[in-house]
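Student: dropping the sequence and predicted coords here.
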Amino acid sequence: MDTVITISSGFFILVGCFLCFSGGVGLLRFPDFYTRMHAVGVTDTLGAGMILIGLMFISSDILVFAKLVMILLLTLLIGPTTSHVLAKAAYHNGLMPKALNKLKKNNDKEANSSTL
Amino acid sequence: MKDLFAVIMLSGIYGLLSASFFVAMDAVDVAFTEAAVGAGISTLLMLVVITMTGRKEKPTRHKPISALFVVIITGGLLIYGTLDMPYFGAADAPIHNHTSPRYINDSMQEIGIPNIVTSVLASYRAFDTFGEVVVIFTAGIGVLAMLSVARRKEDEDDEIASINDSMHQQHLVIRIVAKMLIPFILLFALYVQFHGDFGPGGGFQAGVIFAAAIILYAMLFGLATARRVINQTFIQLIAAIGVLLYGCVGLVSLMNGGNFFDYNVLSSDPIAGQHLGILIIEWGVGCTVASVMVIIFFNFAGRRQFQSLKKQTKHTESSK
């Protein structure tokens, strides 16, 4: 029983670490604000959740377990909300996704060339 | 760096980082305070300030070389001063031989509280903590004296009406999530307040968390709505009552024949007296900190609203 618990907790923590790591890579490698935020927002919520679930498996105390559940619920609520708010603030301040910017530039060029 | 927003964010990140190295050094109480105050509420208040002052730093006319010179000299002197101190973590440092053993060995018999930090903060060093609370209270009074603005009731009613109209059209997600979370934040603040005897926590952290919940509410639902919920006169009264409560505990212990802030005489049993005294002064600290933070936020943000209103009226007058 002990080995099963240890292995499953290790599995969850490893998956969580991988997800957090991939989020970090995404933050560094993606081209513009929205894709970066998407990478971090999605993977961090899931990754932190996985790590917390892994910790729940090896928690010996019911109190620790309950606290971990509360932290998990809080993360599930707050993570997506903050990503949403961040994206919304960026959009309201007129930041455009990179692809759209390029498209717009091309359109402008075409419009300019057609007027010329 | 010219962008003040980035500067504030960096200082917040610095607060969070230093909180984590306090945790690594097993100073959870300090870490908790740093996370709540340094990373949380001070960042928030500075953000409110830059909404008033503008985001960019003004171009400097003077040369920064002389300032750098002064900073280097001061820093050098400070580092020179630390050379006389015992080596970091040295076992024969005075602090490990003089006061700490007494606190660690005797505080359980004298105070009877598992969290030694709380018994040092609230009982052995109650006078220092009283000073801190008075400093916070003075800050609140200063903000009130300099920034408070009289408001017209009609403006408030208009604002509340407009927010009620757009309640679920704008900011739908954060408004609903905040509505869900605010009760739990308040509950957590109370937990921190009353659990300070047994774990990390206490009046300062609890007050800041409590204030953060109210500030969150004010940011999402408008200042006027929040003012309707949190009566300004009432909260100013609470700030004063907190300090008064703290001071009164000292006075009562004087009258019962002990020293100032000697809680042993508060009850027939010294340990019970200590518990009672610590509970009451933590409560006073929590009240003062929470209400002063709310006062500071409301006056900063209210000032900004006042400025923008004045600009608008000027604009309309000039266009007429």
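Tutor: Arrived safely, thanks for sending.
Student: can you get me a residue count around the residue in chain A positioned nearest to chain B?
Tutor: Residue nearest to chain B within chain A (CB to the nearest CB): A:Thr81, separated by 4.6 Å. Any C-beta I mention is one placed from the backbone N, CA and C, and that applies to glycine too. Using other CB atoms under 10 Å in any protein chain shown, A:Thr81 is surrounded by 18 other residues.
Student: got it, and B:Leu244?
Tutor: For B:Leu244, the count of nearby residues is 15 (other CB under 10 Å).
Student: same check on B:Val48?
Tutor: Residues near B:Val48, counting by other CB under 10 Å: 19.
Student: also B:Ala206?
Tutor: 28.
Student: contacting residues around the closest residue to it other than its chain neighbours?
Tutor: Distances taken as CB to CB, 6 or more residues apart in numbering or on different chains place B:Gln193 nearest to B:Ala206, at 3.6 Å, with adjacent residues excluded. Listed by CB atoms under 8 Å, 6 or more residues apart in numbering or on different chains, the contact set of B:Gln193 reads B:Gly201, B:Gly202, B:Gly203, B:Ala206, B:Gly207, B:Glu282, B:Trp283, B:Gly286.
Student: is the third one in contact with B:Gly286, as I believe?
Tutor: Yes - shown here, B:Gly203 and B:Gly286 form a contact pair, counting by CB atoms under 8 Å, at 4.0 Å.
Student: quick one, what contacts the residue nearest to B:Ile111 when sequence neighbours are not counted?
Tutor: Distance criterion CB to CB, 6+ apart; nearest residue to B:Ile111, sequence neighbours excluded, is B:Ser119 at 3.9 Å. B:Ser119 makes contact with B:Tyr103, B:Ser107, B:Glu110, B:Ile111, B:Ile113, B:Gln274, B:Ile278 under the criterion CB under 8 Å, 6+ apart.
Student: secondary structure and neighbour count added to those, as JSON lines?
Tutor: Below are the contacts of B:Ser119 laid out as JSON lines (DSSP: H, G, I helix; E, B strand; the rest coil; neighbours: other CB atoms under 10 Å in any protein chain shown):
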{"residue": "B:Tyr103", "secondary structure": "helix", "neighbour count": "16"}
{"residue": "B:Ser107", "secondary structure": "helix", "neighbour count": "21"}
{"residue": "B:Glu110", "secondary structure": "helix", "neighbour count": "17"}
{"residue": "B:Ile111", "secondary structure": "coil", "neighbour count": "26"}
{"residue": "B:Ile113", "secondary structure": "coil", "neighbour count": "21"}
{"residue": "B:Gln274", "secondary structure": "helix", "neighbour count": "23"}
{"residue": "B:Ile278", "secondary structure": "helix", "neighbour count": "25"}
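Student: all helices for chain B, in order.
Tutor: B:4-24, B:28-33, B:42-53, B:65-82, B:94-97, B:100-110, B:116-119, B:126-147, B:153-165, B:172-195, B:203-221, B:223-229, B:232-255, B:270-319 (DSSP state H).
Student: and the second one, how far out from the chain middle?
Tutor: This means helix B:28-33. 13 Å (CA atoms, centre = their mean, to the nearest Å).
Student: if anything else comes up later, I'll come back, but that's it for now.
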